[in-house]
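Chemist: Dropping the sequence and predicted coords here.
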Amino acid sequence: MTHLVRGIGVSPGVVCAPAFIVRMDFPEVPDRAVKPEHVDAELRRLREAVDYVVSHLQELGERVLQRAGPEESRIFDAQILMVQDEDFLASVETLIRNNQLSAETAYEFKALELRNLWSGAARLRERLADLHAIQLRMLNRLMGGAGHELWSIPADEQVIVVAHELSPGLTVQLDRDLVIGLISEEGTRTAHAAILAHSLGIPAVMGAAGALAAIPPGTLLLLDGQAGTILLDPTPDELDDAKTQVSRRHRLELQLEAVVDSPAMTPGGSPILLMGNVDLPEEIETAVRMGAQGVGLLRTEFLLTGRATLPSETEQADYFRRVAAAFRGHTIIIRSYDLGGDKFPAAFKAPVEANPFLGWRSIRVCLDEPEVFRPQIRAVLRAAADRDVQLMLPLVTLVEEVEQTRAIVLEEGESLRRSGIHAAESVPIGVMIETPAAVLIADRLAEVSAFFSIGTNDLTQYTLAIDRGNARLADRFTPHHPSIVRQLHQVLQVGRAAGIPVSVCGEMASESLSAVLLLGLGYDRLSVSPPALPLVKWVVRTVPEPAAARAAESALAAASAEDVTETLRSVVGEYLDVRLLDPNSALPGQRRVGTLPPGQTL
Ligand code: PEP
Ligand code: MG
């Protein structure tokens, strides 16, 4: 029997509990015809099931609202709208009437048609997961099967949920008192569900291929959400190891937290600006607690997760002000909607494309859709009235994109002024460097930008031609590839020559070993995922500048990502026990967790 299943660690923490398998398999629906005189009854059954599912979803949304918050609970709004879709229901009714079919037979047929239509498009994945969930609920109701819930976790036992795929909706529904870990066969660190699991603090491993086949229900699992490993039926020794590891990590965390109040300063006394990346509103508090000096990346597209409509200008302005108020005295960098690619919330109606990552996404969408972009710009201007709020544009490849945005900002600033609305007349506009195109014309972009921030997630994807969401290629996806190191060096030089700040806000800045590389290259501002802030700050305070510079110099001359990682490990290893650093700092293909040697203190 398999003893170890590997995946990608997407939400840290070590937990041990029995496996609870969530199979979202559809029930067997028999082809059932009905007598003509029973057609009306089938039509009524269909409508009754819709009402039932809607009220159940409302109830679920209410429960999630109490447990998680308004953003998470909105996920159910989209499902409710989908269940009530009149065009779809009318097509099911026509089928029941014309072919004298039972409600479940007709419903399944039409849902299957829709699934086939949608499944060709990567952009509809998120919506397919919603469709899957409501189809299951409808069929269960119509067939009198499974009661209230799709699956129910015994209330007296903590479990680790194992599923093929975790949708954000499924993730937020989980009762955090009972579900202490998550495993899915699909998904990567950038999947929405992974981001939610992280923000909800549930240790999770995704991209664990073969997990469902390998893990029988009830198997005791030992999950490490950082290393991305799952041990089946751990031996007493392995459990003891895990316990020691947990308590060491706990000690490490306490020690790291002690660093939170110390300044982010190198041993040589140079200050480093450590800002936070904020994706979900719940992260504001963590970022503040972890000592973030402002927000270097406020991802706004997650405001749309699970919503059926775009948030209004005022709703956005309120949110931006709330973030700014939490970080008084610091800069807040709001990124305009980065829609498209793998982010297709229901509120964003996008066309089907063969290659969404190379398609209509990010700044391209915003500039083409004034009704999406302008309210957001106005909200940013309103939040900037009394605070240091700046605007950042994702996926820029053209100077014109910045110029067009500036024109819109000025127009909206003027319009707000004329309407007597309290707002700034303009804001500094910065550019994300996320494509080789932007790197190569960085000098020209610098002429029209107030700052640069490097999105290494996308820059790695577009440079290496590796889909950042593909679990199979996860080991090859590394910002340590010399092509990325050289681009990081190049952009910093261009920014310096132009006199504009350059920071890094991709995940790389949150990985301790990579952070050393960035410091060595000369970066003095990083925007980091809030839970990673203490470790990054500890690294900043511990590794002397000359050592980091030496590592960066070798990395610039290296021939492979492995060489870069090894150089970093050996240089940094002179000052730190590299096993302490996060697993992503390990060589590609050798991701494993480090442990503190007994008695080791920082
Ligand atoms: C990036 O691409 O590195 C980035 C920070 O943006 P996102 O991860 O949201 O695409
Ligand atoms: Mg990006």
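Modeler: Received it, and whenever you're ready, just let me know what you need. Ligands and ions are numbered 1, 2, ... in the order given.
Chemist: Could you check the pLDDT of Met1?
Modeler: On pLDDT, Met1 comes in at 63.
Chemist: Could you do Thr314 as well?
Modeler: Reported pLDDT for Thr314: 96.
Chemist: and the helix or strand containing it, which residues are buried?
Modeler: Per DSSP states H and E: Thr314 is located in helix 313-326. Neighbour-count burial for helix 313-326 flags Glu313, Gln316, Ala317, Tyr319, Phe320, Arg321, Val323, Ala324, Ala326 (criterion: 16 or more other CB atoms under 10 Å). Where you see a C-beta, it was placed from the backbone N, CA and C, and this is true even at glycine.
Chemist: is it true that the last one touches Glu283?
Modeler: So the one you mean is Ala326. No. Judged on CB atoms under 8 Å, Ala326 makes no contact with Glu283 at a distance of 10.3 Å.
Chemist: closest to ligand 1 among the buried residues of helix 313-326?
Modeler: Each of the buried residues of helix 313-326 was scored against ligand 1 by CB to the nearest ligand atom, and Val323 proved nearest at 16.3 Å.
Chemist: how about that closest one, what does it touch?
Modeler: Taking CB atoms under 8 Å, 6 or more residues apart in numbering, we find Val323 in contact with Val278, Ile284, Val295, Leu298, Ile332.
Chemist: so what's Ala559 closest to, chain neighbours aside?
Modeler: Nearest non-adjacent residue to Ala559, counting by CB to CB, 6 or more residues apart in numbering: Pro482, 6.6 Å away.
Chemist: Ok, Leu65 next?
Modeler: Ser73 is the one closest to Leu65 (CB to CB, 6+ apart), at 3.8 Å.
Chemist: any idea how far the one you found is from Val29?
Modeler: Computed as CB to CB, to the nearest Å, the Ser73 to Val29 distance reads 30 Å.
Chemist: thinking again about what came up before, could you list which of the contacts of Val323 belong to strands?
Modeler: Val278, Val295, Leu298, Ile332 (DSSP state E).
Chemist: Quick one: the residues you listed as TSV, columns for pLDDT too.
Modeler: Shown next, in TSV, are the ones in strands among the contacts of Val323 (pLDDT from 0 to 100):
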residue	pLDDT
Val278	91
Val295	98
Leu298	96
Ile332	98
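Chemist: quick check, nearest of these to Asp261?
Modeler: Nearest to Asp261 among the ones in strands among the contacts of Val323 is Val295, at 19.3 Å by CB to CB.
Chemist: Okay, now the sheet partners of the longest strand along the chain, with direction.
Modeler: If you go by DSSP E, the chain has its longest strand at strand 14-22. Strand 14-22 has its sheet partners listed here by DSSP bridges as strand 159-163 (parallel), strand 220-224 (antiparallel).
Chemist: With just CA atoms, put the first one into CSV.
Modeler: Listed next in CSV are the C-alpha coordinates belonging to strand 159-163 (Å, rounded to 0.1, in the frame of the first residue of the first chain):
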residue,chain,number,x,y,z
VAL,A,159,-11.1,15.0,9.7
ILE,A,160,-8.9,15.7,6.7
VAL,A,161,-11.0,16.2,3.6
VAL,A,162,-9.8,14.4,0.4
ALA,A,163,-11.4,15.5,-2.9
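Chemist: quick one: buried residues of it?
Modeler: For strand 159-163, burial by neighbour count (16+ other CB under 10 Å) applies to Val159, Ile160, Val161, Val162, Ala163.
Chemist: Same check on the last one?
Modeler: Taking 16+ other CB under 10 Å as the basis for neighbour counts, the residues of strand 220-224 that come out buried are Leu221, Leu222, Leu223, Asp224.
Chemist: what mean pLDDT does it have?
Modeler: Strand 220-224 comes out at a mean pLDDT of 95.
Chemist: which helices and strands does the helix ranked longest in the chain pack with?
Modeler: Ranked by residue count under DSSP state H, the longest helix found in the chain is helix 39-67. With contacts taken as 3 or more CB pairs under 8 Å, 6 or more residues apart in numbering; DSSP states H and E, helix 39-67 sits against helix 70-73, helix 75-83, helix 86-99, helix 103-119, helix 125-142, helix 168-173.
Chemist: Shouldn't Ser527 be within a strand?
Modeler: Yes. With DSSP: H, G, I helix; E, B strand; the rest coil as the criterion, Ser527 is located in a strand.
Chemist: continuing past the helix or strand bottoming out on mean pLDDT in the chain, what's the next helix or strand?
Modeler: Least confident helix or strand, the chain: helix 168-173 with a mean of 66, by mean pLDDT, DSSP states H and E. Counting by DSSP H and E, the next helix or strand C-terminal to helix 168-173 is strand 179-184.
Chemist: can you list contacts of that following strand?
Modeler: 5, 7, 11, 13, 15, 17, 19-20, 153, 158-166, 171, 174, 193, 197, 202-208, 211, 215, 221, 223, 225, 230.
Chemist: which sections of the stretch 201-350 of the chain are below the confidence cut-off?
Modeler: 305-307, 342-346 (pLDDT under 70).
Chemist: the strands in it, which residues?
Modeler: Using DSSP state E, counting those that start in this stretch, the strands found in the stretch 201-350 of the chain span residues 204-206, 220-224, 229-232, 273-278, 295-299, 332-335.
Chemist: Just name the most buried of those.
Modeler: Ranked by mean neighbour count, these are led by strand 204-206 with a mean of 31 (mean count of other CB atoms under 10 Å).
Chemist: what's the distance between that one and the middle of its chain?
Modeler: 13 Å (CA atoms, centre = their mean, to the nearest Å).
Chemist: who does that strand pair up with?
Modeler: Looking at strand 204-206 with DSSP bridges, its partner strands are strand 8-11 (antiparallel), strand 179-184 (parallel).
Chemist: May I have the last one as CSV, with CA atoms only?
Modeler: Extracted C-alpha coordinates of strand 179-184, given in CSV (Å, rounded to 0.1, in the frame of the first residue of the first chain):
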residue,chain,number,x,y,z
VAL,A,179,-12.1,20.0,8.9
ILE,A,180,-8.5,20.4,9.9
GLY,A,181,-6.8,19.6,6.6
LEU,A,182,-7.5,19.6,2.9
ILE,A,183,-6.2,17.4,0.1
SER,A,184,-7.1,17.7,-3.6
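Chemist: Dump the strands paired with strand 14-22 to TSV, plus distance to Asp87.
Modeler: Output for the strands paired with strand 14-22, formatted as TSV (distance: least, CB to CB, whole Å):
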stretch	distance to Asp87
strand 159-163	30
strand 220-224	43
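Chemist: JSON lines please, covering these and showing distance to ligand 2.
Modeler: Below are the strands paired with strand 14-22 laid out as JSON lines (distance: least, CB to the ion, whole Å):
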{"stretch": "strand 159-163", "distance to ligand 2": "27"}
{"stretch": "strand 220-224", "distance to ligand 2": "27"}
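Chemist: What's the separation between Gln245 and ligand 1?
Modeler: Distance, Gln245 to ligand 1, by CB to the nearest ligand atom, to the nearest Å: 30 Å.
Chemist: meant to ask about Leu367
Modeler: 18 Å.
Chemist: Now Ile153: closest residue in space that isn't a chain neighbour?
Modeler: Here the nearest residue to Ile153 in space, its sequence neighbours aside, is Leu178; by CB to CB, 6+ apart that works out to 5.0 Å.
Chemist: Helix or strand for Val572, just tell me which one.
Modeler: Counting by DSSP H and E, the element that carries Val572 is helix 561-573.
Chemist: helices or strands up against that helix?
Modeler: helix 482-498, helix 512-521, helix 545-557.
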